[in-house]
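Enquirer: prediction below, plus the sequence it came from.
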Amino acid sequence: MCEGEITMATVTLEMEGKDLERVLGQLGVGATYIDGVEAPQEFRFNFSGGWYTKTAVKQAMDILNSRYGYNYEINTSGGFTVTRQKKNRQFVSCGDTVNSIKEAVANDPNGKQKCYLCFGKGADGYITTNFDEAVHILIAGTTGSGKSSLLNSLIMQILCFSTANVILIDPKNGAEFGLYEQDIHDRVEHVAKDTQDAVKWLKVAVNIMEQRYSEMSRKGLKKYDGKSIIVVIDELADLMMTSKKEVEEHIIRIAQKGRAAGIHLIVATQDPRAKVVTGLIKYNLPTKVCLKTANAQHSMNIIDVGRGAELLDKGDGLVK
C-alpha cells in the first residue's frame, strides 16, 4: 500500500478512523483516533492532540481532501475532527423535530413558557434549544438552502408547543407567511406584508417591550411573567434596502432589551452581506444558523468561518 493511501473498503467508522490515524502518521501528523460519529450528512472522526503542527495538519488534509474529499477542523481542546460527506444524506422530517420538541417540553416543567425549538439533527443528536438560551436567532441561506422550510418549521413549533404569540414580517407581499393569517391557534398577532407595515409592527413590538419594562418596574420583577412574543422576519435584505435606519434601530432595541421582557427575534435573509447583516445586528443576535451561502464571505458575515459555502442544499447547515 502506498504512503498516504486510505483503504476505502473499510466497513465501520472505527476501521476508517484507525485507517485515517495510520495515514495521518505517515503524512507527519501524530494523533490518536478517539471515536467516530454518523451525522445525517457526514461522518465525523475525532482525534486527540499529539505531535503535529497546524501546518502539518493542513498539508496532510489537503492531500486527503484532494484524494478522498475529507475536510477537517481544529478543536479548542487541541485535537481535531476529520469529516467526510455521505453519498446519500439522511433527511430529517418534521415528525422527527416534533418528537424532539415534545421530549424537551415534557422534561421541563416550564417548557412551554421557555418555548423550545429544534433546528434539526447533528452528529450529537437533535439540536434543540429554547429562547431562554438562544435569546434571538439569525438565519442565513441562499435560494434552495432550506431557509424557508426551516422558518416554517420553527413557526409551527412555536404555535404547537409553546404559549408564545408571534408577529410575522414578510415583505414579499405575504408570499411566505400569508397562510398564517388563517391561524387556528389565534396566536398570530399580525402578518406584515410590506415594508411600511413591517416598520410599523417592529415599532409595535418595541412599544410593547417598553410597556412591559414599566410593568416589571412597578411589580419589582426582573423578568416579565406573561406570554412571550416572537417576531419573525423572513427577508431582512428587503427591509434594509428601503428603510434601513428604522429597521436596524428597532431590531437592535429589541435585541438588546427584549429578553427580560419576553420578546425575541428570528431574523432570516438570503443576502447576508455586511450592508444587510450589519455589525450591530450580527452581534446582538447571539444564535446563528448558517445554511448554504453563495460564497465564503457571506458565511463569514454570519458565523465567522467560511464553511457555509461548502454546505449542501436542502437543509445542510451550521448552528453557532
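Expert: Ah, there it is.
Enquirer: could you pull out the strands for the chain?
Expert: 30-38, 42-51, 71-74, 80-85, 116-122, 125-130, 137-140, 165-169, 188-192, 229-233, 263-269, 287-291, 317-319 (DSSP state E).
Enquirer: the third one: how far from the chain's middle?
Expert: I take that to be strand 71-74. 19 Å (CA atoms, centre = their mean, to the nearest Å).
Enquirer: for it, C-alpha coordinates in PDB please.
Expert: Presented in PDB, the C-alpha positions along strand 71-74 are these (Å, rounded to 0.1, in the frame of the first residue of the first chain):
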ATOM      1  CA  ASN A  71     -12.300  18.000   5.500                       C
ATOM      2  CA  TYR A  72     -11.200  19.000   9.000                       C
ATOM      3  CA  GLU A  73     -11.400  21.500  11.800                       C
ATOM      4  CA  ILE A  74      -9.200  22.100  14.800                       C
END
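Enquirer: tell me the buried residues in it?
Expert: Buried positions in strand 71-74, judged by neighbour count with 16 or more other CB atoms under 10 Å: Y72. Quick note: C-beta positions are derived from backbone N, CA and C, even for glycine.
Enquirer: ok, back up a step: closest one to N301 among the strands of the chain?
Expert: strand 137-140 (7.8 Å; CB to CB).
Enquirer: in a markdown table: the strands of the chain, plus distance to Y180.
Expert: Formatted as a markdown table, those follow (distance: least, CB to CB, whole Å):
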| stretch | distance to Y180 |
| --- | --- |
| strand 30-38 | 36 |
| strand 42-51 | 34 |
| strand 71-74 | 38 |
| strand 80-85 | 35 |
| strand 116-122 | 17 |
| strand 125-130 | 22 |
| strand 137-140 | 17 |
| strand 165-169 | 6 |
| strand 188-192 | 5 |
| strand 229-233 | 9 |
| strand 263-269 | 14 |
| strand 287-291 | 21 |
| strand 317-319 | 23 |
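Enquirer: adding distance to K200 and mean pLDDT, write those out as a markdown table.
Expert: Formatted as a markdown table, the strands of the chain follow (distance: least, CB to CB, whole Å; pLDDT from 0 to 100):
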| stretch | distance to K200 | mean pLDDT |
| --- | --- | --- |
| strand 30-38 | 47 | 91 |
| strand 42-51 | 44 | 86 |
| strand 71-74 | 44 | 87 |
| strand 80-85 | 45 | 90 |
| strand 116-122 | 27 | 92 |
| strand 125-130 | 29 | 92 |
| strand 137-140 | 22 | 97 |
| strand 165-169 | 10 | 96 |
| strand 188-192 | 7 | 94 |
| strand 229-233 | 13 | 98 |
| strand 263-269 | 16 | 97 |
| strand 287-291 | 26 | 96 |
| strand 317-319 | 32 | 91 |
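Enquirer: G178 is nearest to which of those strands?
Expert: Closest among those, using CB to CB: strand 188-192, at 6.5 Å.
Enquirer: now the angle from the closest one to strand 229-233?
Expert: Angle, strand 188-192 to strand 229-233, by axes from the mean of the first three to the mean of the last three CA atoms, to 10 degrees: 20 degrees.
Enquirer: which among the strands of the chain is found nearest to E210?
Expert: Ranking these by proximity to E210 (CB to CB) places strand 263-269 first, at 10.3 Å.
Enquirer: partners of the closest one in the sheet?
Expert: Sheet pairing of strand 263-269 (DSSP bridges) gives strand 137-140 (parallel), strand 229-233 (parallel).
Enquirer: restricting to C-alpha, output that strand in CSV.
Expert: Taking C-alpha atoms only, strand 263-269 is exported to CSV below (Å, rounded to 0.1, in the frame of the first residue of the first chain):
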residue,chain,number,x,y,z
ILE,A,263,-39.8,39.5,23.3
HIS,A,264,-37.5,37.6,20.9
LEU,A,265,-36.4,37.8,17.3
ILE,A,266,-35.9,35.3,14.5
VAL,A,267,-34.4,37.2,11.6
ALA,A,268,-33.7,35.5,8.2
THR,A,269,-32.0,36.6,5.0
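Enquirer: what angle separates that strand from strand 116-122?
Expert: Using the same axes, to 10 degrees: strand 263-269 against strand 116-122 is 40 degrees.
Enquirer: on that earlier part again, ok, which of the strands of the chain comes nearest Y213?
Expert: strand 263-269 (10.3 Å).
Enquirer: list of residues touching the closest one?
Expert: 115, 131, 134-141, 147, 151, 154, 205, 208-209, 212, 228-237, 251, 254-255, 258, 276-277, 281, 285 (CB atoms under 8 Å, 6 or more residues apart in numbering).
Enquirer: tell me which of those fall in helices.
Expert: Using DSSP state H, 131, 134, 147, 151, 154, 205, 208-209, 212, 236-237, 251, 254-255, 258, 281 are the members of those that sit in helices.
Enquirer: thinking again about what came up before, need the strands paired with strand 263-269 in CSV (columns: distance to E73 and mean neighbour count).
Expert: Output for those, formatted as CSV (distance: least, CB to CB, whole Å; neighbours: other CB atoms under 10 Å):
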stretch, distance to E73, mean neighbour count
strand 137-140, 20, 27
strand 229-233, 30, 26
